[in-house]
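1. sequence-free structure coming up:
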């Protein structure tokens, strides 16, 4: 059972997992039901209304309830990966529908959008992230059904005004979906700013330990469009397994603590990099001179996130050499874990995303900031 989610602070929702307790045993951690099927009674009825794990898996319920409570939504869904969650709203579109998306975004979704929707008769326009004038110009009233934004956007951390994007989208008759993976529900609640759906690659901050692939969606209302997403998950099967659901829920219990430390560390590292002579530019919404700082200050509460990018004055080779000399920070893809990761995104993303070859992306972890800065210092000194 769960306590009243509306009466609890988000920190308590997370720490107590919505106050779940087993009615029979008093256990405070739910059991992991590995079953894929459910036995029927003699009269062929189902004791719990479930018959098969793909549409009716029980293991995900606590994680879904926690995210719905955190985002202020009415329902949430778990998926087997972040990309599965990102693509689900586009699977709910119909031939002839139009969508508007950012030209700079998570490259997995970018590549998917370039490949599949056009073949299904879905028209997708790409506009610069954060550019509300470009968004408004791209909207086709009556035809545009979905606007997708990512804020802060990966990998340059452009901040989009969610409330303004929602107003423009709704005026054109479209729904607004926000990829809020980097902001997390701790810093930003898009549904409360007018968005219709919010998406998370739960692999990242929600789980937070680099050991689970998962994605999540939450909605402001259970519209016909949302029901198509629910149907897509049931019929296409991009579901989350029981063990991964358990690990996701366990990871979410410390989300508020981890994000607070990651924001604190990222702010310190961004300040260090912003005055270093080997660095030509830093992108982090927490810096006063960052283009997105003012908007981020309005819609992000408690910090500016744990992600930043910076450009090396010495160009591509300097960026690669710097990475190669790090001893504490790990050279790896992904973000949102407890450990700090660095990546040369130009080596990873497709060429059409236009990522600069002198840029490095950093996912800041929960280590001591002084150790991270010391590692960067020695890497700079040996260039």
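-> Received, thanks. These figures come from a predicted structure and were not determined experimentally. Numbering: from 1, shown residues only.

2. mean pLDDT per helix and strand in the chain: which one sits at the bottom?
-> helix 53-56 (a mean of 88; mean pLDDT, DSSP states H and E).

3. what is whichever helix or strand comes after it packed up against?
-> Per DSSP states H and E, the first helix or strand lying C-terminal to helix 53-56 is helix 61-71. Applying 3 or more C-beta pairs under 8 Å, 6 or more residues apart in numbering; DSSP states H and E, one finds that helix 61-71 makes contact with helix 10-15, strand 75-79, helix 184-187, strand 215-219, helix 242-252. Heads up, the C-betas are built off the backbone N, CA and C, glycines and all.

4. name the residues that touch the least confident helix or strand of the chain?
-> For helix 53-56, the surrounding residues in contact (C-beta atoms under 8 Å, 6 or more residues apart in numbering) are 35-38, 49-50, 233-234, 237, 239, 242.

5. show the average pLDDT along the longest helix along the chain.
-> Ordering each helix of the chain by length in residues (DSSP state H) puts helix 255-274 first. Helix 255-274 shows an average pLDDT of 98 in the prediction.

6. mind listing what's buried in that helix?
-> Within helix 255-274, the residues that qualify as buried are 255-256, 258-263, 265-270, 272-274, counting by 16 or more other C-beta atoms under 10 Å.

7. centre of the chain to the least confident helix or strand of the chain, how far?
-> Chain-centre distance of helix 53-56: 24 Å, with C-alpha atoms, centre = their mean, to the nearest Å.

8. give the rounded mean pLDDT of stretch 159-174.
-> Across stretch 159-174, pLDDT averages out at 98.

9. distance check, residue 353 against residue 131.
-> Distance from residue 353 to residue 131, counting by C-beta to C-beta, to the nearest Å: 17 Å.

10. for those two, indicate the residue with more neighbours.
-> Using other C-beta atoms under 10 Å as the criterion, residue 353 and residue 131 rank with residue 353 on top: 18 against 15.

11. how about the helices of this protein, start to end?
-> Shown for the chain, the helices assigned by DSSP H span residues 10-15, 53-56, 61-71, 82-91, 107-115, 132-138, 162-171, 184-187, 224-236, 242-252, 255-274, 293-299, 316-325, 369-381.

12. and these, which is most packed in?
-> Most buried of the helices of the chain, by mean neighbour count (mean count of other C-beta atoms under 10 Å): helix 184-187, with a mean of 26.

13. off-centre distance for that one?
-> On C-alpha atoms, centre = their mean, the centre of helix 184-187 falls 10 Å from that of its chain.

14. helices or strands up against it?
-> Using 3+ C-beta pairs under 8 Å, 6+ apart, helix 184-187 sits against helix 61-71, helix 255-274.

15. what angle sits between the first one and strand 215-219?
-> Using axes from the mean of the first three to the mean of the last three C-alpha atoms, to 10 degrees, one finds that helix 61-71 and strand 215-219 are set 50 degrees apart in direction.

16. identify the residues contacting helix 61-71?
-> 2, 5-6, 8, 10, 13-14, 17-18, 20, 30, 73-78, 185-186, 189-192, 198, 200, 202, 206, 216, 218, 240, 245, 248-249, 252.

17. ok, residue 79 touching residue 213?
-> No. Between residue 79 and residue 213 there is no contact under C-beta atoms under 8 Å: 9.4 Å.

18. more neighbours, those two?
-> Higher neighbour count among residue 79 and residue 213: residue 79, with 27 against 18, using other C-beta under 10 Å.

19. against residue 220, how distant is that one?
-> With distances taken as C-beta to C-beta, residue 79 is found 18 Å from residue 220.

20. nearest to residue 322, out of the helices and strands packed on helix 61-71?
-> Between residue 322 and these, the tightest spacing by C-beta to C-beta is seen for helix 184-187, at 27.9 Å.

21. about what we covered before: okay, the helices of the chain in a markdown table with distance to residue 125 next?
-> Listed next are these as a markdown table, based on distance: least, C-beta to C-beta, whole Å:
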| stretch | distance to residue 125 |
| --- | --- |
| helix 10-15 | 35 |
| helix 53-56 | 33 |
| helix 61-71 | 27 |
| helix 82-91 | 13 |
| helix 107-115 | 10 |
| helix 132-138 | 5 |
| helix 162-171 | 13 |
| helix 184-187 | 28 |
| helix 224-236 | 19 |
| helix 242-252 | 34 |
| helix 255-274 | 32 |
| helix 293-299 | 22 |
| helix 316-325 | 31 |
| helix 369-381 | 39 |
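
22. hey, least reliable of the ones you listed by pLDDT?
-> Among these, helix 53-56 carries the lowest mean pLDDT, a mean of 88.

23. for residue 57, which non-adjacent residue is spatially closest?
-> Excluding the flanking residues, the one nearest residue 57 by C-beta to C-beta, 6 or more residues apart in numbering is residue 239, at 6.0 Å.

24. per-residue pLDDT, that neighbour?
-> With respect to pLDDT, residue 239 has a value of 96.

25. and it, what does it touch?
-> Applying C-beta under 8 Å, 6+ apart, we find residue 239 in contact with 53-54, 57, 60, 78-80, 233.

26. any idea how far residue 49 is from it?
-> To residue 49, residue 239 is 17 Å away according to C-beta to C-beta.

27. nothing else from me, thank you.
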